[in-house]
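Asker: predicted structure and sequence below. I'll ask about it afterward.
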Amino acid sequence: MADQKTVLVIEDEIFLSQLLTNRLKDSGINVVVAASYEEGLAALKTSQPNLVLLDIILPGKQTGFELLAQARQDPILKDIPFVIISNLGQETDVARGRELGVIEYFVKAKTPLDGLVEKIKAILEAQK
């Protein structure tokens, strides 16, 4: 599959990360997984994903917002679309995500996995 899309999942919750990976792979999507800010930034540079699923709460001092801000300042990474999946659902968090250019913001507790996977597939399809 020459036109196979790649999704980078930056999520430290192993169970959710595995579920997402399995569902996306079942849909024919290549998945790269990172569990921290550092891993996520490195994977972002090496995997050149078509889409990034980003958690905000990551282990260590840096957050997903900081990773997103860092990516937006990099000429090579700045145009990669980001979707946030987080337990943080406050309006201020959603607004900050939007300011940093995320295309979607999903609150984990309010988003069924199947719905999330369908949304991701639709976003990737729209890129063609």
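Answerer: Everything's here; your move.
Asker: which phi and psi does the residue nearest the centre of the chain have?
Answerer: Nearest to the mean C-alpha position of the chain, by C-alpha atoms, centre = their mean, lies residue 53 at 1.1 Å. Here is the backbone geometry of residue 53 (degrees, to the nearest 10): phi -100, psi 120.
Asker: residue contacts, it?
Answerer: Neighbouring residues of residue 53 by C-beta atoms under 8 Å, 6 or more residues apart in numbering: 7-11, 20, 83-85, 120. C-beta: built from backbone N, CA, C; applies to glycine.
Asker: one more: residue 57?
Answerer: Residues counted as contacts of residue 57 (C-beta under 8 Å, 6+ apart) are 12, 63-64, 86-88.
Asker: for residue 49, see how far away it is.
Answerer: 21 Å (C-beta to C-beta, to the nearest Å).
Asker: and for residue 99, the neighbour number?
Answerer: Per other C-beta atoms under 10 Å, the neighbour tally for residue 99 reads 11.
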